[in-house]
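Novice: just to be clear, the model below is a prediction. Sequence and coordinates:
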Amino acid sequence: MARARVGVLISGRGSNMAALLYASRLEGCPYEIALVAANDPQAPGLALAAAEGVTTFARCHKGLKRADFDGLIDAELRRHGCTHVALAGYMRLLSPGFVDRWAGRMVNIHPSLLPAYKGLDTHARAIAAGDGHGGCSVHLVTAELDDGPVLAQCPVAILPGDTAETLAARVLIAEHQLYPRTLWEWIAGANGPEALLTEVRARALALPEAREKLSHGTPGFHVEGGKFFAYFSHDRHGDAITSVLVRTSGVEEQASLIERDANLYYRPPYLGPSGWIGIRLDRGDTDWEHVGDWLARSWRMAAPKRLTRLRDIADRF
Ligand code: GRF
């Protein structure tokens, strides 16, 4: 399976970006850095990324509406085939459309032990509160600032006499450990295409006389000697989408599904005209029971009568 392609968004120094980049060069790392983008052309991290041979994009956000600027960044991420986004000191609030587009595939590092101290001045606030520890958190990005599910944290002791600066410097050391490792494990883990394929495969092959066969380089599932009822699709059209494609009753049902939930369902290129539907698996909140129901239903449409009749009888018990 191809490595995940991470787009890193920065606004300044970019030391976390550098940590992610150097980790990506270690053997076995499941991701590569496909793009470093900044909302400030002077961001020092850009020069480092360029010197390391990473594609960069810089554009000052000033004078642009938030959604328009985010649209530019989104277009660059897509153009470079990014499958995931890592925010690394990106000092911009994101528009809801952008957050939604990358839901389940975008992470951030925040210099506090979330849910404590969201927002700015985290270290000063932790010291002022007399906390024993500060620290850092890596979390999924949702519409609410610094609020998404926490993937991992690292506490850092606050020393007597610490200032916001001295504490920040030590927390930064922890950040550089935490971020690459968390991104590595997260991408390699349940959220990765391998793991998603394993889940789909288990459910598809549990159906009567179901078999797996590569079809145009994509794992496909068909009924023995018969038609396909599902395809697993990962970044198939350079769209960074991981999904399962299943049959619907036709284009009308397909259209109504997309209308009902355009974040979950989409019309797959090529197969779309025949009423197949794409179900997104890469949004971080996959309802596997729902996927299983779809697979069973699609199987029914592809299976010969002899098998569906048996299935009907079995279902009655
Ligand atoms: C880090 O402290 C990070 O936690 C916060 O912004 C800072 C960015 O530093 N979100 P750098 O640009 O990665 O060096």
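Specialist: Great, that's in hand. Numbering: from 1, shown residues only.
Novice: can you pull the contacts of residue 94?
Specialist: 66, 70, 141 (Cβ atoms under 8 Å, 6 or more residues apart in numbering). The way it works is simple: take the backbone N, C-alpha and C, and place the C-beta from them, glycine included.
Novice: and the helix or strand where residue 300 lies, what's its mean pLDDT?
Specialist: Element membership for residue 300 (DSSP states H and E) is helix 288-302. Helix 288-302 carries an average pLDDT of 96.
Novice: same question, stretch 254-263
Specialist: For stretch 254-263, the per-residue pLDDT averages 95.
Novice: what sits up against it?
Specialist: Contacts of stretch 254-263 (Cβ under 8 Å, 6+ apart): 100, 103, 248, 265, 266, 267, 272, 275, 276, 277, 280, 283.
Novice: with respect to the ligand, which of these is nearest?
Specialist: Using Cβ to the nearest ligand atom, residue 103 comes nearest to the ligand of those, at 19.7 Å.
Novice: can you confirm the closest one is in a strand?
Specialist: No - read with DSSP: H, G, I helix; E, B strand; the rest coil, residue 103 is coil and lies in no strand.
Novice: find the closest residue to the ligand in the stretch 51-200 of the chain.
Specialist: For the stretch 51-200 of the chain, Cβ to the nearest ligand atom, closest residue to the ligand: residue 89, 2.6 Å.
Novice: per-residue confidence at that residue?
Specialist: pLDDT at residue 89 comes out at 97.
Novice: can you confirm it is in a strand?
Specialist: No - Residue 89 is assigned coil when assessed by three-state DSSP, not a strand.
Novice: name the nearest residue to the residue nearest the centre of the chain, sequence neighbours excluded.
Specialist: Residue closest to the mean C-alpha point of the chain, counted by Cα atoms, centre = their mean, is residue 105 at 1.6 Å. Nearest residue to residue 105, sequence neighbours excluded (Cβ to Cβ, 6 or more residues apart in numbering): residue 84, at 4.8 Å.
Novice: for the stretch 1-150 of the chain, what spans make up the helices?
Specialist: 15-24, 44-51, 66-79, 96-101, 122-128 (DSSP state H, counting those that start in this stretch).
Novice: brain fart, the stretch 201-317 of the chain
Specialist: So, for the stretch 201-317 of the chain - with DSSP H, counting those that start in this stretch - the helices run 251-260, 288-302, 305-316.
Novice: relative to residue 6, which of these is closest?
Specialist: Nearest to residue 6, of all the helices of the stretch 201-317 of the chain, is helix 288-302, at 25.3 Å by Cβ to Cβ.
Novice: by how many degrees do that closest one and helix 305-316 diverge?
Specialist: Counting by axes from the mean of the first three to the mean of the last three Cα atoms, to 10 degrees, helix 288-302 lies at 140 degrees to helix 305-316.
Novice: helix 288-302: which residues count as buried?
Specialist: The neighbour-count check on helix 288-302 (16 or more other Cβ atoms under 10 Å) flags 291, 292, 294, 295, 296, 298, 299, 300, 302 as buried.
Novice: can you count the residues close to the closest residue to the second one other than its chain neighbours?
Specialist: Read it as residue 292. Closest residue to residue 292 apart from its sequence neighbours, by Cβ to Cβ, 6+ apart: residue 203 at 4.6 Å. Using other Cβ atoms under 10 Å, residue 203 is surrounded by 21 other residues.
Novice: so how far is residue 61 from residue 68?
Specialist: To residue 61, residue 68 is 9 Å away according to Cβ to Cβ, to the nearest Å.
Novice: the more surrounded of these two?
Specialist: Neighbours were counted for residue 68 and for residue 61 using other Cβ under 10 Å; residue 61 has more, 18 against 11.
Novice: ok, the more buried one - contacts?
Specialist: Residue 61 neighbours (Cβ under 8 Å, 6+ apart): 39, 69, 92.
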